[in-house]
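Colleague: Pasting a predicted model and its sequence here:
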Amino acid sequence: MPFKNYKNTSFYLTVSVFVIVFFRLILTAVIPVFDKTESRYAEIARLMNETKEWVVLQIDYSIPFWAKPPLSTWLSAISFETFGVSEFAVRFPSFLLAIFLLLLLGKMAKKEGLSFYLPAFILLTMPEFLIHTGVVSTDSALSFSIALMMISFWKAMQNETKTFWNYVFFIGLGLGFLAKGPIILILTIPPIFFWILLQKIAIKTIYTKLPWFTGLLLTTIISIPWYILAEQRSPGFLDYFIVGEHFNRFLVPGWKGDLYGSGHSQPLGMIWLFLLAFTFPWIQIVLYKLWKERKTIFKDKYVSYLVFWLFWTPLFFTISKNILHTYILPVTIPIALLMMYWWKNQEKKKTILIVSSIFPALVFVAFFGGFLTGKLNYYMNSDKYLIKNQPIDFNHKESLYYWKEKSYSGQFYSNGKAKVILDTTALDAVLKSTEKSFFMVSNRRKKDIPKEYQLLMKPLDSNYKNILYVLKPWESSVRTIKNRQN
């Protein structure tokens, strides 16, 4: 890569990276899995580990989950096998993927005379990357796969002889199919294609630079067998996953075909606001630099390659309303690479380092502030503490029920034992039981429970979202309810 020799061994960079990485590792263990997305994938991995069903993902016992491929779930389930079921175990694989990328970019920076810790500092101070450095998400594995493909393709184009990087391109492609499906092609091939056109690179060069036969065979071996097995064992998977998840989700506003929730409808173009907010302040610096050098951007092969990589993803999602901020995670890597490229001549480095430290500092203050004030548990978007703080013995016929809908964190922390009560008839049956029963009700749904039933609900604990009750299973109380109803 065309970096000029420059070495930045700033004490601030080194210490900051170690502190942030260590703090982030602690958070993977002490923060509960959050509803809905993180706890959903944590529960899917827990079910895989418990049932030993490694082909068909399950969102509940015997209920298939067709929305995503298995790579991140496999990694979390393997981690459960190694460390036991915990927050740390389910998040550790995504933490390792992030660390691998930091080491890879650090090695690239050092080779060009930059500080090994510079790319790590840049990435770890971006909100999106820091969040995903240890979170249960399919986007971490997808971003990792995209980075492997894009970096290896650039290296393959620069080398006259074939190296292992030529094969890494196809390994990344295979992993991408297992991470999130054909979207890996949509997010990598177009920017590569546009760059090839801009640079007027001959097709023969592309053909000779990459081992196409061996590489595609490698991609096929890595990814295709799972798709075949998944369709055989759960017919209908391919239609839902390919058509529904890759076309309808992004092209059909308010798509109603989601089997596992609802689309995340956003205003058109919202992806750009996500980009500006979740990669602050580095994207702002990159945009300013690109504007200043707009006349020469496409004359520089390396910069133009990174520009296509950076802007293609938000351009693609501009026309989609069903998006999340996590979709910008893959572009954090080209942002970091562009900053590395310009770092020697970058002005006001000290100011940039301080401003970029704002988000990690805020996370640090928020965590310890919540811990010291005792409010941390109350404001967590998870049912962990409501469940774990009570002596619920699921092995001795004690039950946990949810009113209308159970949360994924409730499923995860009850080891799949949480059940749902849909109406007062079902509630009557629970009240008639001699078992001790706990009852979770969201604040917004409490009003749907008749007042005579609320008299039989003794509050035990609550957070900002839910209240946990213990039910009084007395026959006399049930008769009282029936008499009032009559």
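Modeller: Received it, and whenever you're ready, just let me know what you need.

Colleague: Show me the domain layout of the protein.
Modeller: For the chain, automatic domain parsing gives the domain ranges 11-369, 384-485.

Colleague: Can you get me the start-to-end distance on the first one?
Modeller: End-to-end distance of domain 11-369: 27 Å, with CA to CA, to the nearest Å as the criterion.

Colleague: quick one: residue 115 and residue 109 touch, right?
Modeller: Yes: between residue 115 and residue 109 a contact is recorded at 6.5 Å, counting by CB atoms under 8 Å. Quick note: C-beta positions are derived from backbone N, CA and C, even for glycine.

Colleague: And those two? Which one has more around it.
Modeller: residue 109 (26 against 21; other CB atoms under 10 Å).

Colleague: in stretch 370-387, what counts as buried?
Modeller: The neighbour-count check on stretch 370-387 (16 or more other CB atoms under 10 Å) flags 376, 377, 380, 381, 382, 383, 384, 385, 386, 387 as buried.

Colleague: Tell me how far the nearest residue to residue 355 once chain neighbours are set aside lies from residue 335.
Modeller: Nearest non-adjacent residue to residue 355, counting by CB to CB, 6 or more residues apart in numbering: residue 281, 5.2 Å away. Applying CB to CB, to the nearest Å, the value for residue 281 to residue 335 is 11 Å.

Colleague: what's the answer for residue 329, then?
Modeller: 11 Å.

Colleague: do the same with residue 301
Modeller: 18 Å.

Colleague: more neighbours, those two?
Modeller: Counted by other CB under 10 Å, residue 301 and residue 335 do not tie: residue 335 has more neighbours, with 25 against 16.

Colleague: Test my guess that the more buried one contacts residue 282.
Modeller: Yes: with contact defined as CB under 8 Å, residue 335 counts as touching residue 282 (5.2 Å).

Colleague: Which strand or helix spans residue 416?
Modeller: Applying DSSP states H and E as the criterion places residue 416 outside every helix and strand.

Colleague: That one: neighbour count?
Modeller: Counted with other CB under 10 Å, residue 416 comes out at 17.

Colleague: residue contacts, it?
Modeller: 43, 46, 47, 50, 60, 61 (CB atoms under 8 Å, 6 or more residues apart in numbering).

Colleague: Sort out for me which of those residues are in strands.
Modeller: residue 60 (DSSP state E).

Colleague: Among the contacts of residue 416, name the buried ones.
Modeller: 43, 46, 47.

Colleague: residues contacting the second one?
Modeller: Right, the one you point to is residue 46. By CB under 8 Å, 6+ apart, the contact set of residue 46 is 77, 80, 85, 90, 412, 415, 416.

Colleague: Save the residues you listed as CSV, and put in distance to residue 317 too.
Modeller: Below are the contacts of residue 46 laid out as CSV (distance: CB to CB, whole Å):
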residue, distance to residue 317
77, 30
80, 32
85, 34
90, 27
412, 29
415, 37
416, 34
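
Colleague: Among these, which lie within helices?
Modeller: Mapping these onto helices (DSSP state H) picks out 77, 80, 90, 412.

Colleague: So which of those residues is the closest to residue 297?
Modeller: residue 90 (41.6 Å; CB to CB).

Colleague: how about that closest one, what does it touch?
Modeller: Contacts of residue 90 by CB under 8 Å, 6+ apart are 33, 41, 42, 45, 46, 76, 79, 80, 136.

Colleague: Mind giving me the PyMOL command for buried ones among these?
Modeller: Only the buried members of those end up in this PyMOL selection, burial being decided by 16+ other CB under 10 Å:
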select buried, resi 33+41+42+45+46+76+79+80+136
